[in-house]
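*Asks:* Prediction below, plus the sequence it came from.
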Amino acid sequence: MHPDRSEALFERACAVTPGGVNSPVRAFRAVGGTPRFIRSASGAWLTDVDGREYVDLVGSWGPMLLGHAHPEVMAAVRDALTRGTSYGAPTEAEVDLAEEIVDRTPVERVRFVSSGTEATMSAIRLARGFTGRDVIVKFAGCYHGHVDALLAQAGSGLTTLAVPGTPGVPETATALTRVLPYNDREAVSALFADEGDRIACLITEAAPGNMGVVPPDPGFNQFLAQTCAASGALFVSDEVMTGFRASRTGQWGLDGALEGWVPDLMTFGKVMGGGFPAAAFGGRADIMSMLSPEGPVYQAGTLSGNPIATTAGLATLRLATDDVYSHLTSVGDRIRAAATAALSAAGVPHVVQAAGTMFSVFFTDGPVRDFAGAQRQDTAAFAAFFHAMLDSGVYLPPSAYEAWFVSAAHDERAVQVVLDALPVAAQAAASAREGTHV
Ligand SMILES: *Cc1c(COP(=O)(O)O)cnc(C)c1O
């Protein structure tokens, strides 16, 4: 079916909004075609404005752990709405949600904000304020929101000096940022040997999901935590994507609890907002007590801890039981196995990688350990695969560099639609492979 209404809306949108979208990856630029405008969503399903239904493997880019419009979350939100939408004064729901997060994770104190970007930005300010140091370290391919200092790319040659990753970020904003290849212990050790006493913090995705899913090598996070501790730098584990998603406790629960390390600061978002704008940063009590009004490091937000968002987040986390995570694991296992089988049968080079319940498919040979590896993908093959899946009623992330998200609502019927779509899409990818002219 032709997406007539989506096309008409996209034309209107492009006239009033840059690229027609309010966040770039929604625009389908990486895969071509017109983004689908969504009218409604329920459970595992999206319905677009042309009336077509899709099994959703984006889940709003992570938040919809329970599926769309979960009846109990909706009831809690409806109930909260009857009491007003924002007070600019503290509420009980904020305390409940903070307790739930402190309960599930190693953080001792937590502060709410409205987006993951704000969470990482504030965590870095706090790390600098606490340590009295300036330099921050990140990994290429890890995304921490659109914070100026974190929109940095590795400089040329062997240097780790960062250059701005986008116009509008002055060199002074990234001058104190160092960018290293992911999973590269030697690069980390060399930088800390060189500049360790200037480093305020190292920030990493607990398991990168923003270049596709690239799990940390066993012991890598532990190594980072130890390296930071040895030089008095803080270890900031960004769990905006992995938190309450990779497992009940996030990626920390998969690595840290076993390996015996604890991040100094953590950031959360996505799942903890239950589909509303809510995020958080938290960590050691002595560090968090540096934060205003207890301490001197300033941080604030008009809608921080918003009662509707905290209600949705709290309802979501309370419903995110062990059963939910076993369901995500089994659904993910089936989709991963079917993707591997279909792409292998079609002769398309690929590798499926996972971190907890998160996974993604790379259109490249062999394991991907870092951003350079992820960039070896055949993006033309992915684009063909994406559109074939979409035509079969499966909504994948419109980029080869993204995790695929399942939910508690992905039932037998939804999974079957995905399994049926994969062989056809794999053939489309085979036909589109760069260098093959079919
Ligand atoms: C999504 C994401 C962010 C940014 O969160 P926003 O709410 O989009 O600002 C930060 N870090 C990670 C790991 C993310 O996945």
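*Replies:* Perfect, thanks for sending it. Everything numeric here is computed off the predicted structure, so don't read it as measured data.
*Asks:* Count residues in the vicinity of the closest residue to A381 other than its chain neighbours, would you?
*Replies:* What sits nearest to A381 in space, not counting adjacent residues and going by CB to CB, 6 or more residues apart in numbering, is A429, at 4.3 Å. To be clear about C-beta, it is placed using only N, CA and C from the backbone, and glycine gets the same treatment. Residues lying near A429 (other CB atoms under 10 Å) number 28.
*Asks:* do S247 as well
*Replies:* 23.
*Asks:* just the one 4 residues further on next, same as before
*Replies:* Here the number of neighbours of Q251 (other CB under 10 Å) works out to 27.
*Asks:* dump the residue contacts of it.
*Replies:* For Q251, the contact set (CB atoms under 8 Å, 6 or more residues apart in numbering) comprises A206, A207, N221, S237, E239, T242, G243, A355, G356.
*Asks:* check which helix or strand covers the fourth one.
*Replies:* Just to be clear, that refers to S237. Assigned by DSSP states H and E, S237 belongs to strand 234-239.
*Asks:* residues in contact with that strand?
*Replies:* Contacts for strand 234-239 (CB under 8 Å, 6+ apart): 105, 116, 120, 123-124, 127, 130-131, 142, 144, 200-206, 221, 224-225, 228-229, 250-252, 256, 261, 263-268, 287.
*Asks:* L81 and S40: what is the separation?
*Replies:* Per CB to CB, to the nearest Å, L81 is found 18 Å from S40.
*Asks:* How about G59?
*Replies:* Distance of G59 to S40, computed by CB to CB: 15 Å.
*Asks:* Have a look at these two and say which one is more surrounded.
*Replies:* Each of G59 and S40 has its neighbours counted (other CB under 10 Å); G59 has more, 28 against 12.
*Asks:* Not counting sequence-adjacent ones, nearest residue to that one?
*Replies:* Excluding the flanking residues, the one nearest G59 by CB to CB, 6+ apart is F405, at 3.7 Å.
*Asks:* That neighbour: what's it in contact with?
*Replies:* Applying CB under 8 Å, 6+ apart, we find F405 in contact with L57, V58, G59, W61, G62, M64, R245, M358.
*Asks:* Select from these the one having the most neighbours.
*Replies:* So for the contacts of F405 (other CB under 10 Å), the most neighbours sit at R245, 30 neighbours.
*Asks:* Just give the closest residue to that residue, not the sequence neighbours.
*Replies:* Nearest residue to R245 in three dimensions, chain neighbours excluded: V271, at 5.2 Å (CB to CB, 6+ apart).
*Asks:* again, but for A312
*Replies:* Here the residue nearest A312, using CB to CB, 6+ apart, is G274, at 3.4 Å.
*Asks:* returning to that earlier point: was I right about the residue nearest to R245 contacting L319?
*Replies:* No. When contacts are counted by CB atoms under 8 Å, V271 is not listed as touching L319 (11.0 Å).
*Asks:* Among those two, which residue is more densely surrounded?
*Replies:* Neighbour totals were compared for V271 and L319, and V271 leads with 29 against 17 (other CB under 10 Å).
*Asks:* so who does that one touch?
*Replies:* Residues near V271 by CB under 8 Å, 6+ apart: G62, P63, L65, G243, F244, R245, G313, T316, L317, A320.
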